[in-house]
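# I'll drop the sequence and a predicted model, then ask my questions.
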Amino acid sequence: MRSKSPELMERISRYIGDYYRQHHTTPTTREIATAVGISPASGYNYLVEMDKRGLLSYENGVITDLPKINKTKNGYFSAPLVGSIRCGDPETEEEQVEMYVSLPEAIFGTGQFYLLRAKGDSMVDAGIAEEDLLVIQIQQEANEGDIVVALDPDGQNTLKRFGGYEEVSGCYRLEYMNEKRYPGKVERVHSFAVQGVVRHVIRTF
């Protein structure tokens with residue numbers, strides 16, 4: 001197989017970075033190929049090679065990370081949208097990056113964040129509705145009253161209000177926040193892992 005041109009890889013990197021800063025998402029393989037003057041098949045091969053070299057992450061035809069490219073302007077950070085989170089009964093979710101979203105630090109603060117799309121109706125009293133985008137701060141601890149992404153020992157996750165620890169039952173409380181539909185409903189678990197805490201809700205009116 002012919003060796004890949006370092007100059008062309010640099011052009012591809014620059015184009016992806018410029019595209020991201022303008023559109024706040026990554027370009028498609030075809031858009032990259034057109035921009036640098038190669039065929040889509042060659043564009044695919046170059047992206048696969050760049051993935052092998054650690055210049056970016058390329059999986060299932062999607063660029064999911066750009067560790068070697070400056071993706072954001074000053075005062076912004078990039079957060080991955082990794083799919084949906086159930087607001088209701090727990091279910092297994094496979095994390096998959098859909099896109100990267102550029103968010104201003106002045107509004108969202110600093111730290112490590114990711115985004116999830118809400119599913120279900122168990123958190124409406126907390127101001128979280130179906131299809132809302134949730135800005136999750138990555139952390140392993142939560143305070144009582146926090147809205148958390150909770151992962152149970154069976155590998156199922158859910159979005160709930162952390163209600164603290166019950167000495168009598170020896171369980172942690174994960175509370176529903178929809179009193180009309182789920183009056184007083186609580187999940188009691190002996191253990192769970194905090195995968196993050198909700199800090200902001202983004203909604204389209």
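Now that the structure is in, tell me what you want to look at.
# could you point out the longest strand in this protein?
Longest strand in the chain by number of residues (criterion: DSSP state E): strand 76-87.
# for the chain, what spans make up the helices?
6-23, 29-36, 40-52, 105-108 (DSSP state H).
# Against which helices or strands is the longest strand of the chain packed?
On a contact count with 3 or more Cβ pairs under 8 Å, 6 or more residues apart in numbering; DSSP states H and E, strand 76-87 meets strand 99-104, helix 105-108, strand 113-120, strand 133-137, strand 157-166. Placement of C-beta: from N, CA and C, glycine included.
# what about 6 Å?
strand 99-104, strand 113-120, strand 157-166 (3 or more Cβ pairs under 6 Å, 6 or more residues apart in numbering; DSSP states H and E).
# Which neighbours in the sheet does the first one have, and how are they oriented?
Put plainly, it is strand 99-104. Neighbouring strands of strand 99-104 in its sheet, by DSSP bridges, are strand 76-87 (antiparallel).
# what residues does the strand it pairs with touch?
71-72, 95-105, 113-120, 122-123, 149, 158-159 (Cβ atoms under 6 Å, 6 or more residues apart in numbering).
# do the same with stretch 138-151
The list of residues contacting stretch 138-151 from outside it, by Cβ under 6 Å, 6+ apart, reads 85, 112, 126, 136, 157-162, 164, 174, 192-198.
# same check, this time on stretch 33-43
Contacts of stretch 33-43 (Cβ under 6 Å, 6+ apart): Arg11, Ile12, Tyr15, Thr29, Arg30, Ile32.
# buried ones in that stretch?
Residues Ala33, Ala35, Val36, Ile38, Ser42, Gly43 are the ones in stretch 33-43 that count as buried (16 or more other Cβ atoms under 10 Å).
# would TSV of the residues you listed with pLDDT and distance to Glu141 be doable?
TSV is the format used below for the buried residues of stretch 33-43 (pLDDT from 0 to 100; distance: Cβ to Cβ, whole Å):
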residue	pLDDT	distance to Glu141
Ala33	92	45
Ala35	91	44
Val36	90	45
Ile38	91	48
Ser42	91	48
Gly43	91	43
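# Farthest pair within the residues you listed?
Greatest spatial distance among the buried residues of stretch 33-43 (Cβ to Cβ): Ala35 and Ser42, at 12.5 Å.
# returning to that earlier point: could you give me the ChimeraX syntax to select whichever of the contacts of strand 76-87 are buried?
To isolate the buried members of those in ChimeraX, using 16+ other Cβ under 10 Å:
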select :71,72,97,99,100,101,102,103,113,114,115,116,117,118,119,120,122,123,149,158,159
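# circling back to that earlier point, got the helices of the chain as CSV, with distance to Arg203 columns?
As requested, the helices of the chain are exported to CSV (distance: least, Cβ to Cβ, whole Å):
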stretch, distance to Arg203
helix 6-23, 21
helix 29-36, 29
helix 40-52, 34
helix 105-108, 14
